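Q: Quick one, what's the 3D model for this:
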Amino acid sequence: MFNMNSKGIRRKKSSLSEVKVAVIGARGVGKSETRYKHEVLVDNEPVLYEILDTCPKNEDDFPSPDTLNWADGILLVYSITDRRSFVHVKKVGTLLNDCDIPLYLAANKNDMVHLRQVSAEEGTILARDLECGFSEVTAAEQVGPVATVFQDLCKAVLAARRKSKHSLLERMLGAKTTNIKLYARGKSDSALPKD
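A: Numbers count the residues shown, from 1 in each chain. Now for the predicted structure:
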């Protein structure tokens with residue numbers, strides 16, 4: 001379903017950022033249960049996606065703790081032609097809203113507006129409630145918009161990583177900075193007391 005072109009990316013895998021994305025949604029929303037890797041450019045930097053496309057056995061199935069612990073980001077997918085798929089994603093999103101994992105909401109089958117059961121406004125409201133990005137796409141026909149969805153989620157994951165590293169650094173240094181006196185070099189360095 002989600003195929004992105006990665007021509008021209010030739011770097012050592014160790015220089016790649018790796019982003020693990022779990023695609024979560026109800027049955028019949030245009031997903032297939034697979035796991036694959038794909039290399040793309042995001043903001044001119046190579047990124048290796050590992051994508052786990054999940055498929056619940058029934059409507060009440062939620063992502064497993066293993067899936068949630070594995071994923072760096074979650075792509076929630078529903079079909080605009082299936083209200084039950086929207087309700088399912090809404091329940092999962094509410095469950096995940098307390099987690100510190102970046103989310104993105106994608107409404108699939110946008111080419112079937114004549115069968116629409118979920119309005120774009122409802123998707124926008126849910127995305128606002130979940131504090132995540134939102135797009136309506138046609139995954140079967142529109143590679144570009146689908147790639148943009150993954151790139152937006154990837155950017156959110158990388159931003160969360162930077163924030164987490166910055167926060168950790170602040171916590172580590174913040175505790176120490178109260179005991180450190182800063183030394184500023186000035187004209188009177190020669191007048192410093194000698195031991």
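
Q: Can you show me the strands along the protein?
A: Assigned by DSSP state E, the strands in the chain fall at 17-25, 34-42, 45-53, 73-79, 103-108, 133-136.

Q: among those, which gets the worst mean confidence?
A: Comparing mean pLDDT across those, the weakest is strand 34-42, with a mean of 84.

Q: chain center to it, what's the gap?
A: Here strand 34-42 is found 13 Å from its chain centre; the criterion is C-alpha atoms, centre = their mean, to the nearest Å.

Q: now for that strand, which elements pack on it?
A: strand 45-53, helix 143-177 (3 or more C-beta pairs under 8 Å, 6 or more residues apart in numbering; DSSP states H and E). In short, each C-beta sits where N, CA and C put it, glycine included.

Q: redo that, cut-off 6 Å
A: Contact partners of strand 34-42 among helices and strands, from 3 or more C-beta pairs under 6 Å, 6 or more residues apart in numbering; DSSP states H and E: strand 45-53.

Q: could you check the angle strand 34-42 makes with the strand it packs on?
A: 160 degrees (axes from the mean of the first three to the mean of the last three C-alpha atoms, to 10 degrees).

Q: Strand 45-53 vs strand 73-79, what angle?
A: In terms of direction (the same axes, to 10 degrees), strand 45-53 departs from strand 73-79 by 50 degrees.

Q: which parts of strand 45-53 are buried?
A: Judged by neighbour count (16 or more other C-beta atoms under 10 Å), strand 45-53 contains these buried residues: P46, V47, L48, Y49, E50, I51, L52, D53.

Q: just how off-centre is that strand within its chain?
A: 11 Å.

Q: That one: partners in the sheet, and parallel or antiparallel?
A: For strand 45-53, the paired strands and their directions (DSSP bridges) are strand 17-25 (parallel), strand 34-42 (antiparallel).

Q: what comes into contact with it?
A: 9, 11, 16-23, 31-32, 34-40, 154 (C-beta atoms under 6 Å, 6 or more residues apart in numbering).

Q: thinking again about what came up before, for the strands paired with strand 45-53, could you give me TSV that also reports mean neighbour count and distance to E141?
A: TSV is the format used below for these (neighbours: other C-beta atoms under 10 Å; distance: least, C-beta to C-beta, whole Å):
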stretch	mean neighbour count	distance to E141
strand 17-25	22	18
strand 34-42	14	19
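
Q: looking at those, which is closest to Y104?
A: Closest to Y104 of these is strand 17-25 (C-beta to C-beta; 8.8 Å).

Q: So which residues make contact with the closest one?
A: Counting by C-beta under 6 Å, 6+ apart, 31, 47-54, 63, 67, 70-78, 89, 92, 154, 157 sit against strand 17-25.

Q: Turn the strands paired with strand 45-53 into JSON lines, including distance to E122.
A: Formatted as JSON lines, the strands paired with strand 45-53 follow (distance: least, C-beta to C-beta, whole Å):
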{"stretch": "strand 17-25", "distance to E122": "15"}
{"stretch": "strand 34-42", "distance to E122": "28"}
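
Q: With L115 as the reference, name the closest of the ones you listed.
A: The nearest among the strands paired with strand 45-53, by C-beta to C-beta, is strand 17-25 at 17.2 Å.
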